[in-house]
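[1] using only what follows, build the 3D model:
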Amino acid sequence: MAATPQNPDASAPRRKVSRHRGEGQWAVGHLTPLNGNEQFKKDDDGLNVRTRIETIYSKRGFDSIDPNDLRGRMRWWGLYTQRKPGIDGGKTAILEPEELDDEYFMLRVRIDGGRLTTEQLRVIGEISQEFARGTADITDRQNIQYHWIRIEDVPEIWNRLEGVGLSTTEACGDTPRVILGSPVAGIAEDEIIDGTPAIEEIQRRIIGNKAFSNLPRKFKSAISGSPLLDVAHEINDIAFVGVHHPEHGPGFDVWVGGGLSTNPKIGQRLGAWVPLDEVPEVYEGVISIFRDYGYRRLRTRARLKFLLADWGVEKFRQVLEDEYLKRELVDGPAPAQPVERWRDHVGVHRQKDGRFYVGFAPRVGRVDGATLAKIADLAETHGSGRVRTTAEQKMLVLDVEEGQVDSLVEGLQALDLTVHPSPFRRGTMACTGIEFCKLAIVETKARGASLIDELERRIPDFDEPLTINLNGCPNACARIQVADIGLKGQLVLDDEGNQVEGYQVHLGGALGLEAGFGRKVRGLKVTSDELPDYIERVLGRYQAEREDGERFAAWAARAGEEALS
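    Down below sits the predicted model:
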């Protein structure tokens, strides 16, 4: 065919036209599953696996579990297979899932708002000792995480947890995960507003509801009325932050699209003020946008932050108002910068009722069932029976009379749970690491604990707030990008050319005060053995070069690469 004005390329070679499959957004008609994860979710809702666990797998054992349940749907009930012992980090990305799987599980107990009674804490401790070889880590999302769980024991564990009002429902998976909340909600003297009623209503409406149990990826949320900004709101998919509106009074500023992992994003303000009783409705609207418009084609682009980046805040708010809320939101102010640089509530603090709450620091969130039972005993003896977990791997005992404070502090100290920790004990956080995690490349928990001891010995006079976050892989469960010193686990070469465990270093990240991501110095990697020497060297330079009142993050941003190496 000859070329014509209507068809100028008719004589050119024909190109194969491929049909664009879209991003798998349900709202625009892309309902065909585009990957294996989307297929198994379409085949059967993850919440349905509980029946099979109770009636089949717990009776027939590990080998009876369907692979799509084992590595997929069982997450909807807080269950992941843990890493088989003895597999080094060099094999993490090489072996097939079935080669990495141990016949034991990690089980995550969701603790929305970090709220626990001593009865609940005691049951968590008893389960730890009876079924989890004593393990019971406090996570940076206020949960408790067990290891060494056998599938045969899961129904009994659920029985006991649910008997005291706890749950593992949607603690993992492509679901609405635990709702972070201020651990001092309802008691703090400086609280702007108590978000607890909103957390409870969201739990009632959303958690376990099949309308929201098939999301493109996980959905992380936080609600806090504390001026300390104590729930890492900047890195959640949705967060409600307490503010005073000049006309309407206390309520919440809405943030969306935060998240870390390999493509970190700081959440963005919608510019909307929401009263307490409307928080569940707005939450439901945002999670519905994610369900309907979220990207499902590639798992690496399936978080809400990618949709927000493409749409922008204005379009996101418009869709929320027009399609889901059917009304306009009220414009509102941004939250004030927090006065305190620590936001973990560690120490002794007066409550608004005149009593005190006491926050203490385990080592990198690692505790055990026996210790939890002793904490419950202390909280009942010295408080009212209420305890809290924090988003910084810490715990609090509430409602302590003034005359009981010193005795409680002594009791906690006897358990190596210090109320007045060094900056290193207070500010060091670690993910699960290679000990149990199938994604990890290096060890983290023991490394973090030994690092605390070494830095306390070497730099006993260091008194600046400082965060040191250790992560076993690039996925940033321990928030490496927003730490003063963030350590991303990887294999590195030592001086003799041997491949050993080590870390890529991020410096100067922060949340709260001028939130931002840490700086990477070209080629800066440290072996695990060199870590104490490296941190001592960098902190020494910081102490020598800092200006009056200058935070580590600010110094790290302006320092030369030589000073950071």
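[2] separation between the nearest residue to residue 197 once chain neighbours are set aside and residue 219?
    Nearest non-adjacent residue to residue 197, counting by CB to CB, 6 or more residues apart in numbering: residue 276, 6.4 Å away. In short, each C-beta sits where N, CA and C put it, glycine included. The gap separating residue 276 from residue 219 is 21 Å, by CB to CB, to the nearest Å.
[3] more neighbours: these two, which one.
    Using other CB atoms under 10 Å as the criterion, residue 276 and residue 219 rank with residue 219 on top: 24 against 20.
[4] what comes up buried for stretch 411-431?
    With burial defined by 16 or more other CB atoms under 10 Å, the residues of stretch 411-431 counted as buried are 411-412, 415, 417-419, 421-431.
[5] what's the end-to-end length of it?
    Stretch 411-431 has an end-to-end distance of 27 Å (CA to CA, to the nearest Å).
[6] now do that stretch, average pLDDT.
    On average, the pLDDT along stretch 411-431 is 98.
[7] please state the offset of it from the chain centre?
    Mean-position distance between stretch 411-431 and its chain equals 20 Å (CA atoms, centre = their mean, to the nearest Å).
[8] wait, a strand at residue 250?
    Yes: counting by DSSP: H, G, I helix; E, B strand; the rest coil, residue 250 is found in a strand.
[9] so it makes contact with residue 227?
    No: with contact defined as CB atoms under 8 Å, residue 250 does not reach residue 227; the gap is 11.1 Å.
[10] the two - which one has more neighbours?
    Neighbour count, other CB under 10 Å: between residue 250 and residue 227, residue 227 has more, with 22 against 16.
[11] let me see the contact set for the more buried one.
    Counting by CB atoms under 8 Å, 6 or more residues apart in numbering, residue 227 makes contact with 190-192, 242, 335-336, 338-339.
[12] mind giving me a markdown table with those residues and columns for secondary structure and pLDDT?
    What follows is the contacts of residue 227, written out as a markdown table (DSSP: H, G, I helix; E, B strand; the rest coil; pLDDT from 0 to 100):
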| residue | secondary structure | pLDDT |
| --- | --- | --- |
| 190 | coil | 96 |
| 191 | coil | 98 |
| 192 | coil | 98 |
| 242 | strand | 98 |
| 335 | coil | 96 |
| 336 | coil | 93 |
| 338 | coil | 90 |
| 339 | coil | 84 |
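[13] and of these, the nearest to residue 502?
    Relative to residue 502, the closest of those is residue 338; by CB to CB it sits at 33.8 Å.
[14] from residue 531, how far off is the residue nearest to residue 563 when sequence neighbours are not counted?
    Excluding the flanking residues, the one nearest residue 563 by CB to CB, 6+ apart is residue 541, at 4.9 Å. The spacing between residue 541 and residue 531, counted by CB to CB, is 16 Å.
[15] same check on residue 515?
    Counting by CB to CB - residue 515 and residue 531 are separated by 26 Å.
[16] cool, residue 211 as well?
    Distance from residue 211 to residue 531, by CB to CB: 47 Å.
[17] residue 515 and residue 531: which is more packed in?
    residue 531 (24 against 17).
[18] with adjacent residues omitted, what lies nearest to the more buried one?
    Per CB to CB, 6+ apart, closest to residue 531 is residue 451, 6.1 Å.
[19] residues contacting that neighbour?
    424, 428, 468, 470, 531-532, 535.
[20] now with 10 Å, please.
    Neighbouring residues of residue 451 by CB atoms under 10 Å, 6 or more residues apart in numbering: 363-364, 424, 428, 430, 468, 470, 487, 528, 531-532, 535.
[21] could those residues go into TSV alongside secondary structure?
    Conversion of those to TSV gives the following (three-state DSSP):
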residue	secondary structure
363	strand
364	coil
424	helix
428	strand
430	strand
468	strand
470	strand
487	strand
528	coil
531	helix
532	helix
535	helix
